[in-house]
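In: Dropping the sequence and predicted coords here.
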Amino acid sequence: MSKSWKGVDFDGRICVNRNGDPIWAMIAKVRLEERRGFTFKIFTARDLNPGNVLYIEGWCQEYLGHVLEITNSKDVYMLECWDDRARQVDRNTGEFTIDRAGTTPSANAAPAAEGVET
């Protein structure tokens, strides 16, 4: 069995920010990928204290029908991260990955951060 997995962010991606309502469009995407054989984990910035873990596990059971593993770290087996903050970068280049339309969401030549020489 493969150790590979895909991560989906919890708050605001699969669950409306902290109010618990499911985001059905994302649930449908996760279910489709699971039927295709992919393993999913909840990938969250939340502190993984027992209260948060129990809440997320209960939410998963209610809306997905099973509990997903919960993590706040990536490893070499993570294939994708479905999140609002991630941006894909081409390996070993420092260049942002071009999207399927052939453009980048914003320019690769971003301005330098304050105090950083280019």
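Out: Sure, I can see it. Residues are numbered from 1 along each chain as shown.

In: how about the helices of the chain, start to end?
Out: Listed in chain order, the helices of the chain (DSSP state H) span 24-35, 50-64.

In: Same list (these) but as CSV, adding mean neighbour count.
Out: Backbone N, C-alpha and C define where each C-beta goes, glycine included. CSV is the format used below for the helices of the chain (neighbours: other C-beta atoms under 10 Å):
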stretch, mean neighbour count
helix 24-35, 13
helix 50-64, 15
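
In: Next, format those helices as TSV and append distance to Val89.
Out: Below are the helices of the chain laid out as TSV (distance: least, C-beta to C-beta, whole Å):
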stretch	distance to Val89
helix 24-35	23
helix 50-64	28
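
In: Just put the ones you listed in JSON lines and tack on mean pLDDT.
Out: Formatted as JSON lines, these follow (pLDDT from 0 to 100):
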{"stretch": "helix 24-35", "mean pLDDT": "96"}
{"stretch": "helix 50-64", "mean pLDDT": "96"}
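
In: Trp5 is nearest to which of those helices?
Out: Smallest distance to Trp5 across those (C-beta to C-beta): 10.5 Å, for helix 24-35.
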